[in-house]
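1. Build the 3D model from these lines:
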Amino acid sequence: MEHLSNVILRSHSILTLFDRDRFQLEYFDRSVIAVSTAVDLSTEAGQTLFILMVYGLRRLSPEDLGLRTVVKDSLKLCTDYESTAKRLEEKGIWDWRRMFRNRRMTIENVEYTLKDIVFRQPGLIGRSTCVVAARRSTDNKHFVVKFSCPARTRATEMELIQKARVCAESDEEHAWVLSHLPNMVASKDVVIAKGSVQARMRDFLDSAVYADEKKYYYEDRCLRICVSEELFPITDLTSQRKIAQVFLDILQTHKWLYDFPKILHRDLSMSNIMFREDELGHVFGVPNDLDLASLLSELESGTSGSTSLRRTGTPPFMALDLQNPHKLQVRHLYRHDLESLFYVLLMLVCRHDFTRKKKRALVLREKPPVQRLVRLRAILVGPQKDQGRLLPGHQRRLYQSSNRPRI
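-> You can find the predicted model right below:
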């Protein structure tokens, strides 16, 4: 778990599990978990196989062992990680958020200096998103770098943002939305190299014949690196008026994305509702993280490029219809995103106090844990009935032409 949670450092992990006189080889790479049969070390054949395994692992290159080199000196960081963490923990100063501090990386011929980790998603299967604060070396400007492992066939976040920006710039009536779109400056994909351990595992699983005659589908993932403008979470705000303005902006921008560039966000959550602030102190809500967004035309035709075998999204904020195990084929609709936005508002007012502090403006309350709030959500909303699809013509026009409604 710790290895694969560091998406910047590892593409996959190969481990050996010992149980008395038996051992198993285990392989993890965010798309599959493969475990070998147990080998008995008390037999001559088992001992020979163990020696061959050690010899084979010793011959693997750092890349075949799963170590990435997208960050300078990352190999040294991997080899020294455990010893450094232990030494600093003993001194009481170890913090995993600082592990990439002052490390450098280059993307599109521009060098960035990484700072603290802003967000990290632990997990064995999935995108394992990691967001790191950074500064551009040329002008010392603040940015954030997002590392994730989405399905290779999915449209990139930068492509969707550029499509929305082109649509907004094509008509003065839509120019207002430019202040509410993420500003991404660079994007890069690192794909599985031909002949690598991951590629051989994928080919093996694709060609394998299983006892139940079913076929295993290996989800081909890539490391996606995105550099974007620094935005701020809604929990940094203390003014109720500004928080209300951000929610209104998010609602209008989300509706505009649906109506004009025909993009559905599909992952509205507390961590994805961000804002930027201008020199006059005005806040502008920005729906961030379009990793799971899709074009409506692709959703309707079933060619969205998503090959995920599991429900994607942030469970505490996902619509109930999408979490129903008996409705796995339910298509993500506009109203599902609105339901997620309601849960964000519910979580915000139930979990935060509007008190000012130095580092975090909205302070988490002690009483209602998230588990109780999830149950509260089910009680408040109740069983979901099929409300049908909300078409653009049936919805109220929330946004106005050039003057953005302000609170």
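2. Thought S269 was touching S340, still the case?
-> Yes. Between S340 and S269 there is a contact at 6.7 Å, judged by C-beta atoms under 8 Å. Where C-beta positions appear, they are placed from N, C-alpha and C, glycine not excepted.
3. out of the two, which sits in the busier spot?
-> When neighbours are counted by other C-beta atoms under 10 Å, S340 and S269 differ, and S340 comes out ahead with 25 against 19.
4. Can you name the helix or strand that the more buried one falls in?
-> helix 334-351 (DSSP states H and E).
5. Give the buried residues for that helix.
-> Across helix 334-351, burial judged by 16 or more other C-beta atoms under 10 Å covers 334, 336-344, 346-348, 351.
6. so what secondary structure elements neighbour it?
-> helix 240-259, helix 320-323, helix 370-381 (3 or more C-beta pairs under 8 Å, 6 or more residues apart in numbering; DSSP states H and E).
7. rerun at 7 Å
-> Using 3 or more C-beta pairs under 7 Å, 6 or more residues apart in numbering; DSSP states H and E, the elements in contact with helix 334-351 are helix 240-259, helix 370-381.
8. just checking, what packs against the longest one?
-> Based on contacts counted as 3+ C-beta pairs under 7 Å, 6+ apart, the elements that helix 240-259 packs against are strand 273-277, strand 283-287, helix 334-351.
9. Would you mind extracting the C-alpha trace of it into CSV?
-> The C-alpha trace of helix 240-259 is given here as CSV (Å, rounded to 0.1, in the frame of the first residue of the first chain):
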residue,chain,number,x,y,z
GLN,A,240,-20.5,32.9,4.3
ARG,A,241,-21.2,35.3,1.4
LYS,A,242,-18.1,34.2,-0.4
ILE,A,243,-18.9,30.5,0.2
ALA,A,244,-22.4,31.1,-1.2
GLN,A,245,-20.8,32.8,-4.2
VAL,A,246,-18.5,29.9,-4.9
PHE,A,247,-21.4,27.4,-4.8
LEU,A,248,-23.4,29.6,-7.2
ASP,A,249,-20.4,29.8,-9.5
ILE,A,250,-19.9,26.0,-9.4
LEU,A,251,-23.6,25.4,-10.2
GLN,A,252,-23.6,27.8,-13.2
THR,A,253,-20.2,26.7,-14.6
HIS,A,254,-21.2,23.0,-14.3
LYS,A,255,-24.5,23.8,-16.2
TRP,A,256,-22.6,25.8,-18.9
LEU,A,257,-20.1,22.9,-19.4
TYR,A,258,-23.1,20.6,-19.8
ASP,A,259,-25.0,22.8,-22.3
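10. Roughly how far does Q323 sit from Y343?
-> 11 Å (C-beta to C-beta, to the nearest Å).
11. hmm, back to that, would you single out the least confident of the helices and strands packed on helix 334-351?
-> Mean pLDDT values for the helices and strands packed on helix 334-351 show the minimum at helix 370-381, a mean of 51.
12. Please report how far F342 lies from R335.
-> 10 Å.
13. for D29, same thing?
-> If you go by C-beta to C-beta, the gap between D29 and R335 works out to 36 Å.
14. swap in L268?
-> Noted for L268: a distance of 12 Å to R335, by C-beta to C-beta.
15. Ok, C222 next?
-> Distance from C222 to R335, by C-beta to C-beta: 32 Å.
16. Apart from its neighbours in sequence, what residue is nearest D289?
-> N272 (4.5 Å; C-beta to C-beta, 6 or more residues apart in numbering).
17. Ok, E230 next?
-> Using C-beta to C-beta, 6+ apart, the closest residue to E230 is H142 (4.5 Å).
18. Name the helix or strand for A134, please.
-> Taking DSSP H and E as the criterion, A134 maps to strand 130-136.
19. Parallel or antiparallel, list what pairs with that strand.
-> In the sheet, strand 130-136 lines up against strand 110-120 (antiparallel), strand 142-148 (antiparallel) (DSSP bridges).
20. about what we covered before: could I get the helices and strands packed on helix 240-259 as TSV with distance to D236 and mean pLDDT?
-> Formatted as TSV, these follow (distance: least, C-beta to C-beta, whole Å; pLDDT from 0 to 100):
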stretch	distance to D236	mean pLDDT
strand 273-277	8	95
strand 283-287	10	96
helix 334-351	12	89
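21. what's near enough to touch the residue nearest the centre of the chain?
-> The residue lying closest to the centre of the chain (C-alpha atoms, centre = their mean) is T129, at 3.9 Å. Contact partners of T129, counting by C-beta atoms under 7 Å, 6 or more residues apart in numbering, are F119, Q121, K146, S148.
22. Could you tell me how far it is located from L60?
-> Where L60 is concerned, T129 sits at a distance of 27 Å (C-beta to C-beta).
23. and if you look at P182?
-> Distance from P182 to L60, by C-beta to C-beta: 39 Å.
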